[in-house]
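# Okay, sequence plus prediction incoming.
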Amino acid sequence: MAIRKVGVIGCGLMGHGIVQVAAQGGFDVVAFEGDKGALDKGLARIEKSLSKLAEKAIEKGKPKEQAEGDAKAAFGRIRGSLDKKDLADCDLVVEAIVEDLDVKKKLFAELGALCKKETIFASNTSSFPIGVMGDASGRPERMVGLHFFNPVQLMKLVEVVRSSKTSDDVFAQARAFGEAVGKTPVSCKDTPGFVVNRLLVPYMSQALLMLERGDASKEDIDAAMQLGCGYPMGPLTLTDYVGLDTTLSILEGWVKTYPDEPAFKIPAILRQKVKEGKLGRKTGEGFYRWEGDKKS
Ligand code: CAA
Ligand code: NAD
């Protein structure tokens with residue numbers, strides 16, 4: 001594979017997980033952040049997750065020395081950075097910053113000017129067109145979507161998205177990268193929400209509208225989907241888990257671009273919570289209260 005060195009931009013909820021699985025897959029990784037506090041927090045989460053996964057591997061019979069050695073080696077392949085120039089010689093750069101198309105376009109334009117000409121660009125966007133970011137970068141044929149799922153360390157899927165301009169070679173390399181980091185890739189065209197979010201986000205939004213109407217309590221809506229459908233989390237817990245700000249940005253972008261699509265609706269309760277700074281698990285409160293990774 002031509003990809004050896006990977007840059008990840010943003011070390012938040014998704015970015016830290018992408019950094020981690022890339023390092024576990026044997027790649028050298030530059031973890032770039034705009035914010036020192038967020039970088040430190042992301043690296044600390046990676047260390048904690050690696051040691052949790054090593055513990056589990058030991059429980060399953062992996063020799064302790066080997067499990068701990070693998071975790072340490074993976075962490076050793078990660079270099080945190082606050083300087084964008086460190087991305088210049090990466091073979092692949094995966095963007096995982098805030099879900100705002102204008103901010104992403106500006107970033108890809110900078111990357112197009114900064115990175116070596118062979119660098120492949122990928123976005124982890126939940127909802128925006130890959131082709132638009134490719135155009136902004138000035139090298140649309142080297143742009144793909146690599147959409148990972150939360151939590152990246154545990155979810156086995158990656159959606160690999162190609163725009164009409166993505167080259168066959170770049171797309172094949174992106175799929176191979178997904179496999180090399182332990183995921184099952186599915187291919188998708190450059191459509192709103194790709195496969196998963198086109199189905200999942202309207203479902204989450206319907207659950208919020210149900211809560212807003214008072215049809216059932218949040219606990220009962222969640223229990224209904226967990227126990228009635230076998231989903232690992234109910235939709236309100238999942239919205240907290242994804243982040244209410246991210247969910248709102250996805251819906252706002254779609255409603256603006258596709259005002260006649262009845263599946264794309266913005267529940268007032270979602271706007272209200274975001275206005276109050278209750279963004280879900282990452283701020284300790286959304287529809288539920290959270291202590292770290294667990295509901296309190
Ligand atoms: N790294 C390492 N270990 C982790 C971890 C991480 N990041 N996150 C959780 N774990 C571990 C926990 O510590 C726990 O370990 P123990 O069994 O030793 O306690 C174990 O995994 C199970 O976790 P939990 O007990 O917290 O809870 P769980 O059994 O419900 O599993 C889950 C957690 C795997 C997240 C599961 O609830 C699940 O699959 N939820 C649905 C997630 C989902 O739908 N994700 C997609 C969101 S949409 C998206 O990502 C796309 C988008 O663009 C918005
Ligand atoms: P987040 O808010 O947890 O993290 C975003 C990080 O990016 C922050 O740490 C922030 O400091 C950093 N950042 C923002 N602008 C930056 C810039 N210009 N340069 C460098 N760093 C910058 O968000 P997240 O949930 O990790 O989402 C990131 C991306 O992944 C979004 O596009 C989102 O739609 C997508 N996504 C999210 C989920 C989810 O469940 N949350 C799942 C799949 C995809």
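Perfect, I can see it now. Ligands and ions are numbered 1, 2, ... in the order given.
# so how many other residues sit close to residue 293?
For residue 293, the count of nearby residues is 11 (other Cβ atoms under 10 Å). Bear in mind the C-beta positions are built from the backbone N, C-alpha and C, glycine included.
# What is the neighbour count of residue 287?
For residue 287, the tally of surrounding residues (other Cβ under 10 Å) stands at 25.
# just residue 247 next, same as before
Burial of residue 247 is recorded as 29 neighbouring residues (other Cβ under 10 Å).
# confidence score at it?
The pLDDT attached to residue 247 in the predicted structure is 98.
# Check the one 10 residues further on too.
With respect to pLDDT, residue 257 scores 95.
# and the residue nearest to it when sequence neighbours are not counted, which of the three is it?
Nearest residue to residue 257, sequence neighbours excluded (Cβ to Cβ, 6 or more residues apart in numbering): residue 192, at 7.3 Å. At residue 192, secondary structure determined by DSSP: H, G, I helix; E, B strand; the rest coil is coil.
# separation between residue 192 and residue 144?
Counting by Cβ to Cβ, to the nearest Å, the separation of residue 192 from residue 144 is 17 Å.
# who's in contact with residue 133?
Contact analysis of residue 133 by Cβ atoms under 8 Å, 6 or more residues apart in numbering lists 95, 101, 104, 105, 108, 121, 123, 125, 143.
# What is the nearest of those to ligand 1?
residue 125 (8.0 Å; Cβ to the nearest ligand atom).
# doesn't residue 99 make contact with the closest one?
Yes - look at residue 125 against residue 99 with Cβ atoms under 8 Å: they come within range, at 6.6 Å.
# Which residue of residue 192 and residue 144 possesses the greater neighbour count?
The neighbour comparison of residue 192 against residue 144 (other Cβ under 10 Å) goes to residue 144, with 29 against 19.
# Can you verify that one is assigned to a strand?
Yes - the assignment for residue 144 is a strand, going by three-state DSSP.
# Now for it: which residues touch it?
Applying Cβ under 8 Å, 6+ apart, the residues near residue 144 are 120, 121, 122, 130, 160, 161, 162, 163, 166, 170, 171, 174.
# pretty sure residue 111 is touching residue 85, no?
No - counting by Cβ under 8 Å, residue 111 stays clear of residue 85, with 11.2 Å between them.
# Between those two, which has more neighbouring residues?
For residue 111 and residue 85, the more surrounded residue by other Cβ under 10 Å is residue 111, and the numbers stand at 24 against 10.
# Enumerate the residues of the stretch 51-200 of the chain near ligand 2.
Among all residues of the stretch 51-200 of the chain, those adjacent to ligand 2 (criterion: Cβ under 6 Å from any ligand atom) are 96, 97, 98, 99, 103, 107, 124, 125, 126, 149, 150.
# mind pulling up the phi and psi values for the third one?
Note on residue 98: backbone dihedrals following degrees, to the nearest 10 are phi -50, psi 140.
# just to revisit the earlier point, just the ones in strands from the contacts of residue 144, please.
Using DSSP state E, the members of the contacts of residue 144 that fall in strands are 120, 121, 122, 160, 161, 162.
# can you put those residues in JSON lines and add pLDDT and distance to residue 219?
Below are those laid out as JSON lines (pLDDT from 0 to 100; distance: Cβ to Cβ, whole Å):
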{"residue": "120", "pLDDT": "98", "distance to residue 219": "44"}
{"residue": "121", "pLDDT": "98", "distance to residue 219": "42"}
{"residue": "122", "pLDDT": "98", "distance to residue 219": "38"}
{"residue": "160", "pLDDT": "98", "distance to residue 219": "37"}
{"residue": "161", "pLDDT": "98", "distance to residue 219": "36"}
{"residue": "162", "pLDDT": "98", "distance to residue 219": "41"}
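# export those residues to JSON lines and tack on neighbour count?
Shown next, in JSON lines, are the ones in strands among the contacts of residue 144 (neighbours: other Cβ atoms under 10 Å):
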{"residue": "120", "neighbour count": "27"}
{"residue": "121", "neighbour count": "28"}
{"residue": "122", "neighbour count": "28"}
{"residue": "160", "neighbour count": "25"}
{"residue": "161", "neighbour count": "27"}
{"residue": "162", "neighbour count": "22"}
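# Let me see the contact set for the closest residue to residue 33 other than its chain neighbours.
Take residue 33 and drop its neighbours on the chain: the residue closest to it by Cβ to Cβ, 6+ apart is residue 39, 3.7 Å away. Residues near residue 39 by Cβ under 8 Å, 6+ apart: 11, 31, 33, 80, 81, 82.
# Right, I'll leave it there.
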